[in-house]
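[1] how would this look folded up:
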Amino acid sequence: MFSAMLGGMQPPYPRQIQQLPITPYLDDICARLKASPSRFLVLTAETAAGKSTAMPLALLRHFEGKIYMLEPRRIATLAVAARTAELLGESPGTTSGYIMHLERRVSPQTRFTVITEAVLTRMLQHDPALEGTSVVVIDEFHERSVHADLALAFLKEAMQLRDDLYVIVMSATIDTASVARYLGTDSAPAPVFSVSGKQFPVEVNYAGNISAAEAVLRELSDRRSQGSILVFLPGIAEIRRTAAELESRGADAEILTLHSSVGFSEQKKILEPVTAGAPRRVILSSAIAETSLTVPGVTVVIDSGKSRLSRMNIAAGMETLVTEAESLFSAEQRKGRAGRIAPGRCIRLWNEQEPRVTRTPPEILRSDILPLVLECAQWGVQERSKLDWLDAPPENAWESARQLLRAMGCLSPEITPLGKAALLMGLHPRLACVALAGSVEKACAYGSYADAAPAVQKKMRAETESRVQRCRAQFPELRHFSLPEPLFAGYPDRIARLAAPDGTYQFPSGRIATLPKDERQRTAVFPAWIVAPDADAGEREGRIYAWEAVDTQTTEQWLQERATLSTQLEFTEAAKGASPRLRKTEIQCYGKLVLARRQRAVQAADFSEAACAAVRKEGLAWLPLSEKTQDFLLRAQFYAQHSGQQDEEKYTDSGLQQRVQEWLPPFVTGTSLSADEVYDALYFYLDGSSVDSHVPPKLTMPNGKSFRIRYERSSGHSIRPVMEIIIQQAFGCFKTPRVMGQAVLLKLLSPARRPLQVTDDLEGFWQNTWPEICKEMKGRYPKHNWDYRLAEKD
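    Okay, here's the model as predicted:
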C-alpha cells in the first residue's frame, strides 16, 4: 500500500504527480499543519498546481485516522475520488472513496473520503467531535458557498472538543489575511502556505458584444486555432440556445454541454481525454467548470462575461435569479482554463473598459439561508451571534428564515420533531416537509433531480420514500402527520390568491407576481388559489415559473386556521365642529392576504385608543379645541416657561401629542369627544388651578379696573401676556402690569378703538410719548378727560 513504510523511510510519491508544482512542498505543508497552534492551515495554490490531486496522498502519508475532503460539486467529488484511487492503484471504495446524496462508495478500509459539502454538516450533527477523523479539507473555499461557511463555523466548535483534529482550507487566490485571522488563535493568525501553478501564457482578446455562437464559429473557422473550446455562459437557457444555434449553422465540432442538470455519465464523458482524430470539441458550460473541474484538451476559452446568481429578496420571501457581469476574480479563473496544457487564448465578449466588481459577495450574504438556519437550530444555535462566522448572515435574513421555519412547523422556537426529520431527509427543508406531509411525488417533482434521467428520478423517489418511513418510525409525532395539500407544508409563504383576471397573484408577503406569458395567453380563467414552489421576486413584480392550483375551500379553511385577527379603527370625515365618527373593522389576515372583514360595534375604549392614535399622528389640531381650551393651553405653557418646571416638555404641544395616552383616555366616556371633555382633560393633566392662580385670564389694574389678558406666542416658543385697552382705561396706572414677573404688552387704543401705541413700559410711555399723543387726542376729543393721572370713572 502507498502509505506503508519501507526500511523506516517514506517511499517517493507516485510518478504521475512528480511534475506537479505542489509535490515538492507536500511534506512541508503537512508539517506546517501539525505545527499550527490553531490546527488550521490556509493553502492557496494557483491553477494547475495539483492541490486536489496530490494533497490526499500527502495526508494519507502523514496522518492516521480518517481524512475527509469537501468538494462543492458532485462531479468534482467523483473526479477527485477516482483520481486518488487511480494513483493508489486501487478502485474507488478501498482506501479512497466518496459520499454524496444518493450515492456512496466506501468500505471499512476507506481512509480518504471525498464528500459533498452538505454531507459534512450531517456528520457533524451526528458526531460533533468527528471521532476517528484526523483531517478535514475544505476545497475550493474561494467559492464561499453557504455549506462551506457553515461547515467551517461548526468545525471551529468541534475542534474545541479535541486536540488532534486538523483542518486545511484550500483555495485559489483569496483574501488570505482575513481568512487566516479568522482561523487563527488570539495571539496569531493561522499559517498560510502558497504554491505557484503551472500556467502557460494566455492571450486575451476583447471581442465586444457578439453572441457566443458567433464567437465559436469564428474560432472554428480559424485554421490556426487548435484544441477544445470551453465556452462560459450564465445558465442552462443560454447553453441550450447557443447549442441550438451552433447546430443550426452547421458547426463542425462535437457540441457538449456541462451544467448541474447534465447526467453524471455525460459529465464524466466531458472529463475523459480527447482521443486522437476525434472531432474538435466545443463545451458549453456554466460556472461549474470555472474552478472545480479540469476539462481536458482546452486551449481556447470564450467568456460571455456573465454570471447567474441567486439573491434573496427578504421582503418578498423569494430568491431572485439575476444575470450580471462576472467579477474580475471569475474572469481570471475562466481565463486560466485556457492555459493548463499549452499556451492558449481567452476571448472575452465585452469591452475592456466595462467596470466590474473585484469579487462576488459570499452566498451567505445574498442567498437563501433557510437550510442553514435549521441546521443551526439543530446545533443548538438560535441566535446568529452565538456562532463564530467568517461573514455572519444578515440579521433580517436570519429572522425571516426563522419566521418561515416557525410557519412550517420546524421551529417553536427551538427545533421541533418535524424540523429534525426535515434535516434527516437530505432535501431542502421545504421539500422535506412536503414529503413528510404526504407527497414524495411532489417533493421530487420540485427538487434538483426533476430534470434528471428517469432512472435517477426513480431512485430519488424510492430513497425519499424510504427516508420518510424511517423518520416516521424515529419520530412518533410524525406518524400521522399529513396535510390536505402537502405543498402547504413546505410553501406556506407561496400560497397566492388571484389578484387580477390576467393571471396576476398576490402572495402573503404582499408581493405581486404573474404566471408565464404563454400560460396567460392560453388560459381563459385562472384558479382562485395556487401554490407556487418556483417563483422569482423580480425587480418590480415577480414571475411564477412552477405552480399548482389548489382547492379554494380547502385553502381558505387552512389559511383561516392560521390567520391572525386584527382590528382597524378608522375615523370618517366629520362636519366642521362635530366629533369624528369611528368605524371599527375586524380583519382576518394570512400575512398580507386579507381573508375576511367584519364590522364591529365601537366601544368607548375603541374610541379612546383611536383618538390617541390620531393625536399622535396629526397633533392636537385633530381634537375639537374651543377658544377657551386654546387660551388655557397658552396660559399653561406660559406658566411652565416661568415657574421653573422640571418637566416643561409636558406642557408643550409636541409633549402633549406624544403623551396623549396619559391625559385623554380618562375623559373619554363614549364614542364621541366634545370640546368640553378635551378642556377638562387638559385642565386636570396640567394642574389648571395652579395655572389660574399664577397666570389669570383677567388682570386687575392699579386703578381697580379688570381686563382680559390674551397670551400670544411670539418668536420661537416664548409666550407673552398681551392686554388691549382704550387709553383712558389706563389712566391712574403708573406701573406696567406684570404676570409672573413678566411685563404685559399693552396695546393702547383711541376712543374709536384705533391703535395709538404698543408698549411694555407704561412709566416711560407717560413721560416720553404721551404728551404728543395727548395734544392730538384733545384736538379730536375736546370733551374727554385727558389727564392720565386721574383714573377714568366707569
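
[2] which SS state does Ile725 fall under?
    Three-state assignment for Ile725 (DSSP: H, G, I helix; E, B strand; the rest coil): strand.

[3] wait, what's in contact with Glu203?
    Neighbouring residues of Glu203 by C-beta atoms under 8 Å, 6 or more residues apart in numbering: 343-346. The way it works is simple: take the backbone N, C-alpha and C, and place the C-beta from them, glycine included.

[4] nope, Arg497 is what I was after
    So Arg497 contacts 505-506, 528-529, 593 (C-beta under 8 Å, 6+ apart).

[5] Now with 10 Å, please.
    Residues counted as contacts of Arg497 (C-beta atoms under 10 Å, 6 or more residues apart in numbering) are 505-508, 527-530, 552, 555-556, 559, 590, 593-595.

[6] Gln728 is in contact with Trp770, isn't it?
    No: contact between Gln728 and Trp770 fails when scored by C-beta atoms under 10 Å: they sit 11.9 Å apart.

[7] Now the common contact residues for these two.
    Residues touching both Gln728 and Trp770 (C-beta under 10 Å, 6+ apart) are 748, 777, 786, 788.

[8] quick one: which of those residues sit in helices?
    Judged by DSSP state H, helices contain the following of these: Met777.

[9] if we can go back for a sec, which of the contacts of Arg497 are buried?
    For those, a neighbour count by 16 or more other C-beta atoms under 10 Å gives the buried set as 505-508, 527, 529-530, 555-556, 559, 590, 593.

[10] Make JSON lines out of the residues you listed and add pLDDT.
    Formatted as JSON lines, the buried ones among the contacts of Arg497 follow (pLDDT from 0 to 100):
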{"residue": "Tyr505", "pLDDT": "96"}
{"residue": "Gln506", "pLDDT": "95"}
{"residue": "Phe507", "pLDDT": "95"}
{"residue": "Pro508", "pLDDT": "95"}
{"residue": "Pro527", "pLDDT": "94"}
{"residue": "Trp529", "pLDDT": "97"}
{"residue": "Ile530", "pLDDT": "96"}
{"residue": "Thr555", "pLDDT": "96"}
{"residue": "Glu556", "pLDDT": "96"}
{"residue": "Leu559", "pLDDT": "96"}
{"residue": "Tyr590", "pLDDT": "97"}
{"residue": "Leu593", "pLDDT": "96"}
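
[11] returning to that earlier point: ok, of the contacts of Glu203, which come out buried?
    344-346.

[12] Mind listing what's buried along stretch 763-779?
    Applying 16+ other C-beta under 10 Å to stretch 763-779 flags 765-766, 770, 773, 777 as buried.

[13] swap that for stretch 735-742, please
    Of the residues in stretch 735-742, those buried (16+ other C-beta under 10 Å) are 736-737, 739, 742.

[14] now the end-to-end length of it.
    13 Å (C-alpha to C-alpha, to the nearest Å).

[15] what is the mean pLDDT for that stretch?
    Across stretch 735-742, pLDDT averages out at 92.

[16] swap in stretch 134-145?
    94.

[17] Need the three-state assignment for the nearest residue to Pro429 once chain neighbours are set aside.
    Using C-beta to C-beta, 6 or more residues apart in numbering and skipping the chain neighbours, the partner closest in space to Pro429 is Ala422 (4.7 Å). Assigned with three-state DSSP, Ala422 falls in the helix class.

[18] next one: Ile773
    helix.

[19] how much space between it and Ile727?
    Separation of Ile773 from Ile727 (C-beta to C-beta, to the nearest Å) stands at 8 Å.

[20] what residues are shared contacts of those two?
    748, 750, 756-757, 765, 786.

[21] secondary structure class for Ser265?
    Strictly by three-state DSSP, Ser265 counts as helix.

[22] returning to that earlier point: would you turn the buried ones among the contacts of Arg497 into CSV with distance to Val301 and secondary structure?
    Below are these laid out as CSV (distance: C-beta to C-beta, whole Å; DSSP: H, G, I helix; E, B strand; the rest coil):
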residue, distance to Val301, secondary structure
Tyr505, 42, strand
Gln506, 45, strand
Phe507, 41, coil
Pro508, 45, coil
Pro527, 47, coil
Trp529, 48, strand
Ile530, 43, strand
Thr555, 50, helix
Glu556, 55, helix
Leu559, 52, helix
Tyr590, 50, strand
Leu593, 49, strand
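
[23] Among those residues, which one lies nearest to Gln469?
    Gln469 has its nearest neighbour among the buried ones among the contacts of Arg497 in Thr555, at 28.4 Å by C-beta to C-beta.

[24] now that closest one: how far from Ile495?
    In terms of C-beta to C-beta, Thr555 sits 7 Å off from Ile495.

[25] Which residues are in contact with each of the two?
    485, 488, 529-531, 590.

[26] Do you know the pLDDT at Gly380?
    Confidence score, pLDDT, at Gly380: 96.

[27] mind listing what it touches?
    Contact analysis of Gly380 by C-beta under 10 Å, 6+ apart lists 128, 157, 386, 414-415.

[28] what bridges to Tyr711?
    Assessed by DSSP bridges, Tyr711 has beta-bridge partners Pro721.

[29] My read is that it contacts His642, right?
    No: using C-beta under 10 Å, Tyr711 is not in contact with His642; the gap is 11.5 Å.

[30] Using the three-state scheme, assign Met69.
    Following three-state DSSP, the label given to Met69 is strand.

[31] In contact with it, which residues?
    Contacts of Met69 (C-beta under 10 Å, 6+ apart): 52, 55-56, 59, 76-77, 80-81, 84, 96, 98, 112-115, 120, 135-139, 168, 170.

[32] Which of the residues you listed fall in helices?
    52, 55-56, 59, 76-77, 80-81, 84, 120.

[33] Any chance of the backbone angles for Arg780?
    phi -80, psi -40 (degrees, to the nearest 10).

[34] Per-residue pLDDT of it, please?
    pLDDT, Arg780: 87.

[35] so where is the stretch 51-200 of the chain shaky, pLDDT-wise?
    Within the stretch 51-200 of the chain, the set of residues satisfying pLDDT under 70 is empty.

[36] My error: substitute the stretch 401-550 of the chain in the last question.
    449-453, 539.

[37] Tell me which stretches of it form helices.
    Secondary structure of the stretch 401-550 of the chain, counting by DSSP state H, counting those that start in this stretch: helices at 417-424, 429-436, 440-445, 454-474, 487-490, 517-522.

[38] Out of these, which is closest to Lys198?
    Ranking those by proximity to Lys198 (C-beta to C-beta) places helix 454-474 first, at 36.3 Å.

[39] helices or strands up against that closest one?
    Packed against helix 454-474 by the contact rule (3 or more C-beta pairs under 10 Å, 6 or more residues apart in numbering; DSSP states H and E) you find helix 417-424, helix 429-436, helix 440-445.
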